[in-house]
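Engineer: Can you look at this prediction? I've put the sequence above it.
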2 protein chains.
Amino acid sequence: MRKDPARLSFEIRARDGDARAGLLHTAHGPIPTPTFIPLATKASVRSLSSIEVAGIGYELVLGNTFHLHLSPGEDRIAAHGGMHGFMGWEGAIITDSGGFQVFSLAHGGVADEIKGRRGPQQGRVKVEISERGVGFQSLLDGSDRFLGPEESMEIQAKLGSDIALVFDECTPSHADRDYTARSMERTHRWLDRCLDWHAEHGPSDQAIFGIIQGGVHEDLRREAAERVGAAAVDGISIGGALGKDKEEMNGVVAVTAPLLPPDAPVHLLGIGEIDDLMHGIGVGIDVFDCSVPTRLARHGVAFAPAPEGRFRIDLAKARYADDDTPISEGCPCEACRRHSRAYLHYLARGDELTGARLLTLHNLTYMERLMAGAREAISAGEYASYASAVLGGAAPWSASPSAGASQAR
Amino acid sequence: MRKDPARLSFEIRARDGDARAGLLHTAHGPIPTPTFIPLATKASVRSLSSIEVAGIGYELVLGNTFHLHLSPGEDRIAAHGGMHGFMGWEGAIITDSGGFQVFSLAHGGVADEIKGRRGPQQGRVKVEISERGVGFQSLLDGSDRFLGPEESMEIQAKLGSDIALVFDECTPSHADRDYTARSMERTHRWLDRCLDWHAEHGPSDQAIFGIIQGGVHEDLRREAAERVGAAAVDGISIGGALGKDKEEMNGVVAVTAPLLPPDAPVHLLGIGEIDDLMHGIGVGIDVFDCSVPTRLARHGVAFAPAPEGRFRIDLAKARYADDDTPISEGCPCEACRRHSRAYLHYLARGDELTGARLLTLHNLTYMERLMAGAREAISAGEYASYASAVLGGAAPWSASPSAGASQAR
């Protein structure tokens, strides 16, 4: 770990068991943690404008190095003031390294595997992996491209993110222990190359998060935690295949988190189900990102206090066609304040843009409230009861410590 | 014409040549005219929520009887408080009769023809036209449906719109004079049946607009104007094929408008190009609706003070890839206040939802400003110079009479 407040500092303000609430100070302002990061994969949170994302309460979004490199290209973005200027976003930005995407081309749908869903699919694109990095064909125009540690850091420098992630291989869950170990070791060599490039060429106010791999193997996770924790990174992301089911994933996260430097901000990559967030916060995760809230919204699925349905309701289902209630009573979002499930059902069935937009607003509002409630609960020393109320089916706004107080007003 | 303030009243507050500015008092509040009506064809203005549409300044939207009948069905909408309750819209609503859509099934793309674009296409759906009405197959499930004057009025009654349009045949431009004349006469018989049904069963606060057909034939337009003007309608819409080009269309509109009762609100159906609006207002049109602003937005096209490009710029074009200026300097919309053409170009090229949404906001803001400027200019007796400034390439906000005053502040 390195401490350079010009790049990043992490201030833990409250602890409650292993959970902590704090402030992540970035070049574009402080982010209260625990926090959820909406994806702005291609420089937009789909269906929302930058002003609206900020309006929900978000101060940090995640851009995608791989996609932005292919289009519009990092040079064009740099010419328009980096991602901040290009997308008109005044908050902070974290960029992933592109490693996840290029290895997805090689290994098939890694996203499925991280979540423990089934088996490998063969990628349909030519990919060549070497010590130097990964050669691949652009999905947009078939051109030959190459992404390695230096290339990824250079792109992220041009994107101008507040936090860059190091270039890593996200090992698929179908890889055996031997492949996973060798891949992890290469990821560690790439970590050094990322840091070397950045020390010489990187923006002085851009922070770097190292990435922990090691699959489901406890000894590998331990080795990665030690290695990355000792490097000159500003924070740590836990990545890779986290197991075949939620239990194994929670086990890997619970084993890995305590191995990390106690004052490092810890980011769990690509995880965003309600119960996973509640568990992750409990074992000390500070930052989450995931496509789930925004992607589900575009398919008519809304977050709701419904544990039996994995905290979501599929509004396209016929049972909601005449349901005059809002998605979730008390939710401050526009969809819940103004519209019925019946209307949202109709919009979802018709694949209407307004429906995708209203559900995106709702899901991101829900996540923001969930995190705000967690921060408040941790500060009040009541995280366990908050998590248990949420997991038991309470809405974030009625489970948070201030809910009673505000009802009493 | 009939005058029943419980349904509708039209108050002309200023005249400037043939142009007039007024207030259309509906059951859901007054609408300042001239006004443009955004389409909420399927109970949503695509990509915007009801709250946002109102936020731009709109107080009237147009719903589609044909589409809403097929899905979700007028009974379901009635059960949720009519269109107002169903879509959470607090302003006024006008519904078209569905005639345009069912005859489009029969005649091919009538929309193209109204605008004078080329020839008939054969519809691909079985349609049977008779004196009673039109039988057709649902595009959604293949079921047999029937829409005639009584059915249309009953659906619109259930939709609960403030203004219903009578059921008519929108005669295609490739129809000859004889067909157009016979069709118009049937439309007039249907007008009587619509009014009869509504007198007996219609909501007491729902107004009815009659529709003028007659194609490009001046004597038929005159006959229709007399016939519809003498009927117990609350306002008049000018519909149908308006000619093969803009000149012929403007001629038909200019000939028809003076034939109408001088105190009737006049609505020009389906026309929304900037120059057409400027001309229409000048000859006395009060209300316009059109899919152009919202449909173009979803295809990356923005309204702008650019007469050489028909007042629009196609942001998907390569020339905008590095253009750091807003779509239109001074436009108060979110897209222009926060974003560059370069960003909007990138979003348009990627077919991103955020792009469709930002351009929809922009185009509807542009139209709202254009109409507000026209209202102000008419009140100030300066409509001719306003229209000429806009047609010459001035933005609505710098062409309106108050622009100098506000610049002087």
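Structural biologist: Perfect, I can see it now.
Engineer: ok, the residue in the stretch 201-350 of chain A positioned nearest to chain B - contacts?
Structural biologist: Among the residues of the stretch 201-350 of chain A, residue A:338 lies closest to chain B, at 4.1 Å counting by C-beta to the nearest C-beta. The way it works is simple: take the backbone N, C-alpha and C, and place the C-beta from them, glycine included. Residue A:338 makes contact with B:49-51, B:88 under the criterion C-beta atoms under 8 Å, 6 or more residues apart in numbering or on different chains.
Engineer: just residue A:217 next, same as before
Structural biologist: The contact partners of residue A:217, by C-beta under 8 Å, 6+ apart, come to A:177, A:180-181.
Engineer: gap between it and residue A:174?
Structural biologist: Note on residue A:217: its distance to residue A:174, by C-beta to C-beta, to the nearest Å, is 14 Å.
Engineer: How about residue A:25?
Structural biologist: Between residue A:25 and residue A:174 the distance is 40 Å, computed by C-beta to C-beta.
Engineer: Same check on residue A:331?
Structural biologist: Counting by C-beta to C-beta, the separation of residue A:331 from residue A:174 is 39 Å.
Engineer: higher neighbour count, the two?
Structural biologist: residue A:331 (23 against 14; other C-beta atoms under 10 Å in any protein chain shown).
Engineer: can I assume residue A:11 sits in a helix?
Structural biologist: No - assigned with DSSP: H, G, I helix; E, B strand; the rest coil, residue A:11 falls outside any helix and is strand.
Engineer: how many other residues sit next to the nearest residue to residue A:65 once chain neighbours are set aside?
Structural biologist: Spatial nearest neighbour of residue A:65, excluding adjacent residues (C-beta to C-beta, 6 or more residues apart in numbering or on different chains): residue A:98 at 3.8 Å. Residues lying near residue A:98 (other C-beta under 10 Å) number 27.
Engineer: ok, residue A:98 - contacts?
Structural biologist: So residue A:98 contacts A:64-66, A:69, A:147, A:152, A:155, A:167 (C-beta under 8 Å, 6+ apart).
Engineer: now with 7 Å?
Structural biologist: Counting by C-beta atoms under 7 Å, 6 or more residues apart in numbering or on different chains, residue A:98 touches A:65-66, A:69, A:147, A:152, A:167.
Engineer: Show me those that map onto strands.
Structural biologist: Filtering the contacts of residue A:98 for membership in strands, criterion DSSP state E, returns residue A:147.
Engineer: Just the contacts of residue A:98: which are in helices?
Structural biologist: The helices, defined by DSSP state H, take in A:65-66, A:69, A:152 from the contacts of residue A:98.
Engineer: Ramachandran angles for residue A:275?
Structural biologist: Dihedral angles phi and psi of residue A:275 (degrees, to the nearest 10) take the values phi -70, psi -30.
Engineer: residues near it, how many?
Structural biologist: Neighbouring residues of residue A:275 were enumerated by other C-beta under 10 Å; the total is 15.
Engineer: sorry, back to before: and the two most separated of the contacts of residue A:98?
Structural biologist: A:69 and A:167 (12.2 Å; C-beta to C-beta).
Engineer: Among the two, which residue is more densely surrounded?
Structural biologist: residue A:167 (30 against 24).
Engineer: these two touch, right, that one and residue A:190?
Structural biologist: Yes - contact criterion C-beta atoms under 7 Å: residue A:167 and residue A:190 qualify, at 5.2 Å.
Engineer: quick revisit: among the contacts of residue A:338, which one has the most neighbours?
Structural biologist: Using other C-beta under 10 Å as the neighbour test, these are led by residue B:50, with 25 neighbours.
Engineer: and it, what pLDDT?
Structural biologist: The model reports residue B:50 with a pLDDT of 97.
Engineer: quick one: contacts for residue A:290?
Structural biologist: Residues in contact with residue A:290, defined by C-beta under 7 Å, 6+ apart, are A:270-272.
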